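> When you get a sec, could you give me coordinates for this:
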Amino acid sequence: MLANPLSSPLKEPHRMPMQVLAQAISRYFTDLDASAAQYYELSSSVVLSGDFEIEFKASTVGTPYAPFLGNKLNLDNYCDLNPANQPRIKINGDICQATESVPTEVLDTFRFLRVTDVLNISTSSGITYTTHCSTEDFVFDFVGRRFGSTFISGFMSGIKAWSGGDRNTGDLIVDLPLDKKIPIDGIIQNRAAGNPGAPSHITAVNLLPSDSERYEQIDIGWIGEEIWPSDDQGVNIYGDATYTDGVAHVTNNGTTELSGVYLTQAVSGSEYRFEHDVFDFADAYGLFKIGTDATGVAISHAGEYSADITANGSSIEIKRRSGFSVDFKVRNISVKRLLRTAS
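Residues are numbered from 1 along each chain as shown. Coordinates of the predicted model:
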């Protein structure tokens with residue numbers, strides 16, 4: 001049979017090149033405030049018997065005796081940082097305390113592992129400490145609070161606990177990612193609920209959905225949502241400065257008068273990524289800072305600026321440097337909270 005001269009072999013369909021789109025990993029973190037007595041209460045006591053393992057992630061802002069886990073009946077059982085930021089656990093009155101300090105501004109992973117009468121404390125930031133300990137039960141009812149009125153300031157998430165063994169051999173009785181926005185009713189289900197000895201849920205106390213903030217994963221950890229307003233609302237000015245349609249004009253008519261724009265939304269002790277563009281400058285003797293640091297980061301030329309700054313106060317400012325005449329404009333201002341991860 002002769003082939004049809006008008007026909008031709010079928011060709012492979014045209015294939016678009018594969019494009020792998022990197023999807024940002026995001027989650028919520030809830031910032032606990034000790035001054036507002038914010039914490040979580042378990043629906044029933046967690047009793048860790050025999051061998052056990054506890055793991056959680058936490059970043060504090062240096063609260064004295066910052067409590068991670070606590071017992072609502074007494075001070076015989078708790079897990080916290082001492083004033084030197086050394087992690088410790090108290091088991092039925094017996095204190096086991098690491099001899100090294102952790103960085104409080106970093107989201108660290110803490111692990112407490114008991115095998116018979118030997119306890120190991122370790123962190124992702126590098127602490128490894130082993131000692132003998134009590135073989136009594138470890139009991140806790142609170143997250144972020146100790147017995148009495150001691151509360152934590154900072155973040156806690158990824159809380160897990162195994163009883164009767166470690167993560168490979170024990171019973172998982174606590175599994176609380178705490179990676180979602182605080183619900184309106186404050187009730188958060190324990191993912192280990194139904195296992196023997198597992199509480200059904202925890203309740204967020206004195207916490208609102210607005211206390212949770214969405215973060216995206218970056219190379220150094222996590223970065224929060226934009227703090228600087230997209231409109232002109234909430235931006236304060238002083239001196240001869242102006243702020244219109246997202247553009248700050250920092251100028252002054254003398255060498256001693258203050259001039260600048262600012263917000264008062266920073267958390268002292270926390271780190272922020274501060275970015276902006278400087279343009280139309282005649283005298284760019286300015287600086288940007290967070291808190292009471294008198295030096296800040298100098299503005300000396302036109303162009304893009306980016307710096308990671310640890311706040312020592314609440315004020316986020318772009319201003320003139322003391323003793324200099326100044327005249328420049330700033331746009332594309334961005335301020336986002338950072339949460340570094342220990343490694």
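> From here on, just use CA atoms for contacts and neighbour counts.
OK.
> what about residue 319, how many neighbours?
Residue 319: 29 surrounding residues under other Cα atoms under 10 Å.
> quick one: it from residue 327, how far?
Note on residue 319: its distance to residue 327, by Cα to Cα, to the nearest Å, is 10 Å.
> shared neighbours of those two, anything?
Overlap of the contact sets of residue 319 and residue 327 (by Cα atoms under 8 Å, 6 or more residues apart in numbering) consists of residue 250.
> and residue 210, helix, strand or coil?
Under DSSP: H, G, I helix; E, B strand; the rest coil, residue 210 falls in the helix class.
> which ones are touching the closest residue to residue 220 other than its chain neighbours?
Once flanking residues are discounted, residue 220 sits nearest to residue 340: 5.5 Å by Cα to Cα, 6 or more residues apart in numbering. By Cα under 8 Å, 6+ apart, the residues touching residue 340 are 105-107, 220-222.
> Now pLDDT, distance to residue 267 and neighbour count too, for those, in a markdown table please.
Shown next, in a markdown table, are these (pLDDT from 0 to 100; distance: Cα to Cα, whole Å; neighbours: other Cα atoms under 10 Å):
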| residue | pLDDT | distance to residue 267 | neighbour count |
| --- | --- | --- | --- |
| 105 | 86 | 11 | 22 |
| 106 | 94 | 14 | 24 |
| 107 | 96 | 16 | 24 |
| 220 | 96 | 19 | 12 |
| 221 | 97 | 18 | 16 |
| 222 | 98 | 16 | 20 |
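> Low-confidence ranges, the stretch 151-300 of the chain, go.
Flagging of the stretch 151-300 of the chain using pLDDT under 70 yields the residue ranges 253-257, 284, 293-295.
> how near is the residue nearest to residue 220 to residue 60?
The separation that residue 340 has from residue 60, given Cα to Cα, amounts to 12 Å.
> Got the domain ranges for this structure?
Listed domain ranges for the chain are 26-218, 236-341 (source: automatic domain parsing).
> what about the shortest one, start to end distance?
The reference is to domain 236-341. Domain 236-341 has an end-to-end distance of 33 Å (criterion: Cα to Cα).
> Same question for the first one.
Using Cα to Cα, the end-to-end distance of domain 26-218 comes out at 10 Å.
> Count the neighbours of residue 198 for me.
25.
> And residue 165, by the same measure?
Neighbours of residue 165 under the rule other Cα under 10 Å: 21.
> could you list every residue that touches it?
Counting by Cα under 8 Å, 6+ apart, residue 165 has contacts 50-53, 115, 171.
> Would you mind measuring from residue 76 to residue 146?
To residue 146, residue 76 is 10 Å away according to Cα to Cα.
> for residue 38, that is, sorry about that
Taking Cα to Cα as the measure, residue 38 falls 12 Å from residue 146.
> who's more crowded, the two?
residue 146 (28 against 21).
> That one against residue 73, yeah?
No - look at residue 146 against residue 73 with Cα atoms under 8 Å: they stay out of range, at 9.7 Å.
> follow-up on the earlier one: counting only strands, which of the contacts of residue 165 make the cut?
Cross-referencing the contacts of residue 165 against strands under DSSP state E gives 52-53, 115, 171.
> among these, which two are most distant?
115 and 171 (14.4 Å; Cα to Cα).
> More neighbours: those two, which one.
residue 171 (21 against 17).
> residues touching that one, list them.
Residue 171 makes contacts with 162-165, 195-196, as judged by Cα under 8 Å, 6+ apart.
> Let's see that with 7 Å instead.
162-164 (Cα atoms under 7 Å, 6 or more residues apart in numbering).
> didn't residue 300 look like it was pressed against residue 288?
No - Residue 300 lies out of contact with residue 288 (Cα atoms under 7 Å); the separation is 11.1 Å.
> on that earlier part again, is the residue nearest to residue 220 located within a strand, as I assumed?
Yes - under three-state DSSP, residue 340 falls within a strand.
> quick one: it and residue 162, what's the gap?
27 Å.
> same question, residue 101
For residue 101 relative to residue 162 (Cα to Cα), the value is 25 Å.
> Over to residue 311?
For residue 311 relative to residue 162 (Cα to Cα), the value is 37 Å.
> Who has more neighbours out of those two?
More neighbours surround residue 162 than the other of residue 311 and residue 162, with 25 against 20 (other Cα under 10 Å).
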